[in-house]
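Undergrad: Can you look at this prediction? I've put the sequence above it.
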Amino acid sequence: MALRCTRVFALDGLDKTLLFPIDVQFFAEEKSEPATPRKRQKAREEGQVTKSQDLTAAVVIASGLIGVLVFGGFFMGNLTRLFEVTMGYLKEPSMGTQRWLLLPSVRALYSYFLVWLPLGLICALSALGLLAYQVGFLFTSKPLVPNLNRLNPVSGMKKMFSGRSFVEMLKGVVKAGILIMMLYGALKHDLVTLVGAVGQPFVEGLGTVMWRVWVLSMKMTLMLLVLGLFDYAYQRWEFERSIRMSKQEIKEEYKQMEGDPLIKRRIRQRQRELAQRRMMSDVPKADVVITNPVHVAVALNYDRKVSDAPVLLAKGQGLIAERIRELARENRVPVVQNPPLARAIYSQVEIGEEIPEGLYKAVAEVLAFVYRLRGRRG
């Protein structure tokens, strides 16, 4: 829909009017509405979720450093024994044969798995736990499906110069700058201690160096953890912005889920028309039509072989009630005026149902009257 707006301006002392069209649908296409649950589920199925690689990396490194601190004595003991055993192999006669590398290699491999396997499990569990917290349990292969749009150079250039690329570049520069500053400060502060560790016994000197390295690594990890939290907040904001919907998209989604209201209204109207036709075709089969006498009409039929109680064949108000009365007169069906009974049947019984037990007596009196009129015994 387009509206024509008028702008009045002065030119050379004369007022002139400019008419120009404005498409108000432009504002309907603006993605200003939060995503619906269906849109979120669809994005999730396509692998679009909120997650921060920086936060995951920081948590994995932190869990690994904590694991080293907790199991440090166990690690140092195994490494020391590995060094002692490896040095002891030099005296073995097998070192003079072609299999001289077999024994040290087997021992080193055993110590490697004994030391690093628990640490690897700790890091893996922490990474899985954080991913489960950020994403939940999700398995989809759609991100792996080849997409030719990714090879589009125009889209690639847009991504290179997008706001997201600028933020990623800024994060990299900030992380590199902070890490360099922390590394410089640590070396300046601990350089004397590290140099002095050379003059200490091997185990003690190695412990001093490893402790200083661990402290520096933990400081850097805490810094990465803080940046990771900011990155996660940014990724969440970016994700929410990317899945926003326009009002028109919400309307289209509602139509897809619930169906077009106009079509549904036409279907319901058609169903009512068909039901009325079937109902009107059953009026000639009725034994009696009970009226209000003007506003309500109900048609009843009683066949002992088919049902235990009279069945409602048709009912209606206003014009439908008038049509029921006309069909009854045309087909010589008795019409009885009983306003309370007509209203009770209309409100309590649906078409095709038997009348309730509370109305048996009143309906029986009406049917008995009709049968007497017809000269039959009820």
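TA: Everything's here; your move. Numbers count the residues shown, from 1 in each chain.
Undergrad: Only C-alpha atoms from now on, for both contacts and neighbour counts.
TA: Noted.
Undergrad: where does the stretch 101-250 of the chain dip in pLDDT?
TA: 101-104, 136-164, 202-203 (pLDDT under 70).
Undergrad: quick one, phi psi at the residue nearest in space to the middle of the chain?
TA: Taking Cα atoms, centre = their mean, the centroid of the chain lies closest to Q41, which sits 2.8 Å from it. Main-chain dihedrals, Q41, degrees, to the nearest 10: phi -60, psi -40.
Undergrad: With L109 as the reference, measure out to it.
TA: As defined by Cα to Cα, to the nearest Å, Q41 lies at a distance of 47 Å from L109.
Undergrad: ranges for the helices of the stretch 251-378 of the chain?
TA: Along the stretch 251-378 of the chain, the segments classed as helices by DSSP state H, counting those that start in this stretch run 261-282, 319-330, 339-348, 360-374.
Undergrad: I'd like those helices laid out as a markdown table, including mean neighbour count and mean pLDDT.
TA: Output for the helices of the stretch 251-378 of the chain, formatted as a markdown table (neighbours: other Cα atoms under 10 Å; pLDDT from 0 to 100):
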| stretch | mean neighbour count | mean pLDDT |
| --- | --- | --- |
| helix 261-282 | 13 | 77 |
| helix 319-330 | 18 | 88 |
| helix 339-348 | 16 | 89 |
| helix 360-374 | 15 | 85 |
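Undergrad: Distance to T291 for these - can I get that in TSV?
TA: Below are the helices of the stretch 251-378 of the chain laid out as TSV (distance: least, Cα to Cα, whole Å):
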stretch	distance to T291
helix 261-282	16
helix 319-330	8
helix 339-348	6
helix 360-374	12
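Undergrad: right, so of those helices, which gets closest to D308?
TA: helix 360-374 (10.8 Å; Cα to Cα).
Undergrad: Which elements pack onto that closest one?
TA: Helices and strands touching helix 360-374, as assessed by 3 or more Cα pairs under 8 Å, 6 or more residues apart in numbering; DSSP states H and E, are absent.
Undergrad: Now do it and helix 339-348, the angle between them.
TA: 120 degrees (axes from the mean of the first three to the mean of the last three Cα atoms, to 10 degrees).
Undergrad: For helix 360-374, what is the distance to the chain centroid?
TA: 62 Å (Cα atoms, centre = their mean, to the nearest Å).
Undergrad: okay, that helix in CSV with CA atoms only?
TA: Once non-C-alpha atoms are left out, helix 360-374 reads as follows in CSV (Å, rounded to 0.1, in the frame of the first residue of the first chain):
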residue,chain,number,x,y,z
TYR,A,360,-38.6,-37.9,28.8
LYS,A,361,-41.9,-37.1,30.3
ALA,A,362,-42.5,-33.8,28.5
VAL,A,363,-41.5,-35.2,25.1
ALA,A,364,-43.6,-38.4,25.7
GLU,A,365,-46.7,-36.2,26.3
VAL,A,366,-46.0,-34.4,23.0
LEU,A,367,-45.5,-37.6,21.1
ALA,A,368,-48.6,-39.1,22.6
PHE,A,369,-50.6,-36.1,21.5
VAL,A,370,-49.1,-36.4,18.0
TYR,A,371,-49.9,-40.1,17.8
ARG,A,372,-53.5,-39.5,18.8
LEU,A,373,-53.8,-36.9,16.1
ARG,A,374,-52.5,-39.4,13.6
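Undergrad: Give the burial count for A132, as a bare number.
TA: 12 (other Cα atoms under 10 Å).
Undergrad: That one: which element?
TA: In this assignment (DSSP states H and E), A132 forms part of helix 102-135.
Undergrad: which residues touch stretch 206-224?
TA: 54-55, 58, 61-62, 65, 175, 179, 182-183, 186, 190, 194, 197 (Cα atoms under 8 Å, 6 or more residues apart in numbering).
Undergrad: can you do 7 Å?
TA: 58, 61-62, 65, 179, 186, 194, 197 (Cα atoms under 7 Å, 6 or more residues apart in numbering).
Undergrad: Pull out the buried residues from stretch 189-199.
TA: Residues of stretch 189-199 classed as buried: 194, 197 (neighbour count, 16 or more other Cα atoms under 10 Å).
Undergrad: who does the host helix or strand of L191 touch, helix- and strand-wise?
TA: According to DSSP H and E, L191 maps onto helix 163-196. Here helix 163-196 touches helix 202-242, going by 3 or more Cα pairs under 7 Å, 6 or more residues apart in numbering; DSSP states H and E.
Undergrad: Give me the angle between the helix it packs on and helix 163-196.
TA: Using the same axes, to 10 degrees: helix 202-242 against helix 163-196 is 170 degrees.
Undergrad: now the angle between helix 102-135 and helix 202-242, please.
TA: Using the same axes, to 10 degrees: helix 202-242 against helix 102-135 is 30 degrees.
Undergrad: what's the offset of helix 202-242 from the middle of its chain?
TA: For helix 202-242, the distance to the chain centre is 32 Å (Cα atoms, centre = their mean).
Undergrad: what's the answer for stretch 342-354, then?
TA: 45 Å.
Undergrad: Can you give me the end-to-end span of it?
TA: 14 Å.
Undergrad: ditto for stretch 306-323
TA: Span of stretch 306-323 from end to end, Cα to Cα: 27 Å.
Undergrad: Which of the helices of the stretch 251-378 of the chain sits closest to K305?
TA: So among those, helix 360-374 is nearest, using Cα to Cα, at 16.5 Å.
Undergrad: circling back: between the helices of the stretch 251-378 of the chain, which one is closest to V289.
TA: Of all these, helix 319-330 comes closest under Cα to Cα, at 7.1 Å.
Undergrad: From the contact counts, what lies against the closest one?
TA: So helix 319-330, by 3+ Cα pairs under 7 Å, 6+ apart, packs with strand 296-301.
Undergrad: average model confidence for the strand it packs on?
TA: Mean pLDDT, strand 296-301: 90.
Undergrad: Any idea how far apart the tips of stretch 322-338 sit?
TA: First-to-last residue span, stretch 322-338, Cα to Cα: 15 Å.
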